[in-house]
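In: The sequence and its predicted three-dimensional model are supplied below.
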Amino acid sequence: QVQLVESGGGLVQAGGSLRLSCVASRRTFSIYAMGWFRQAPGKEREFVAAISGDSTYYADSVKGRFTISRDNAKNTVYLQMDSLKPEDTAVYYCAAGGSSRMVVAGTPNYWGQGTQVTVSS
């Protein structure tokens, strides 16, 4: 079992930046593909970004604005969000899976509880 705890959400003005963090409970963190998803009110949860080894994957809507990275020594994955837009407002979830394919497909093994990001116009 892997527990994932997100932090770093908050309220920011359009054009601003936030960095989300997700700490995993297991020391074997490095073997997992990690990802971020988001769910806006009234919408389905959607893929945002994933990282596996040196490979990264992004949804078209965030490409060029968001950057996913990880620090295996700290069991932590990050999502740097720049040039934020009001449409980025959502609850952001961290996820861990056995492969990048699983994570990108939205079928990871583990989910975090989520952190709220609100972007004001």
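Out: It's in. Note that the structure is a prediction, hence the values are computed from the model and not measured.
In: and R101, what does it touch?
Out: The contact partners of R101, by Cβ atoms under 8 Å, 6 or more residues apart in numbering, come to none. For the C-beta atoms, the positions are set from N, CA and C on the backbone; glycine is no exception.
In: could you pull out the strands for this structure?
Out: Assigned by DSSP state E, the strands in the chain fall at 4-7, 10-13, 18-24, 33-39, 46-52, 55-58, 66-71, 76-81, 90-97, 110-111, 115-120.
In: Would you convert the ones you listed into TSV that also reports distance to V104 and mean neighbour count?
Out: Formatted as TSV, the strands of the chain follow (distance: least, Cβ to Cβ, whole Å; neighbours: other Cβ atoms under 10 Å):
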stretch	distance to V104	mean neighbour count
strand 4-7	17	18
strand 10-13	26	13
strand 18-24	17	20
strand 33-39	7	24
strand 46-52	5	22
strand 55-58	5	15
strand 66-71	12	18
strand 76-81	14	22
strand 90-97	9	24
strand 110-111	15	17
strand 115-120	21	17
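In: Redo these as CSV? Include mean pLDDT.
Out: Formatted as CSV, those follow (pLDDT from 0 to 100):
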stretch, mean pLDDT
strand 4-7, 96
strand 10-13, 98
strand 18-24, 97
strand 33-39, 97
strand 46-52, 97
strand 55-58, 96
strand 66-71, 97
strand 76-81, 97
strand 90-97, 96
strand 110-111, 94
strand 115-120, 98
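In: I'd like those strands as JSON lines, with distance to V103 appended.
Out: Shown next, in JSON lines, are those (distance: least, Cβ to Cβ, whole Å):
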{"stretch": "strand 4-7", "distance to V103": "12"}
{"stretch": "strand 10-13", "distance to V103": "25"}
{"stretch": "strand 18-24", "distance to V103": "12"}
{"stretch": "strand 33-39", "distance to V103": "4"}
{"stretch": "strand 46-52", "distance to V103": "4"}
{"stretch": "strand 55-58", "distance to V103": "8"}
{"stretch": "strand 66-71", "distance to V103": "11"}
{"stretch": "strand 76-81", "distance to V103": "11"}
{"stretch": "strand 90-97", "distance to V103": "4"}
{"stretch": "strand 110-111", "distance to V103": "10"}
{"stretch": "strand 115-120", "distance to V103": "18"}
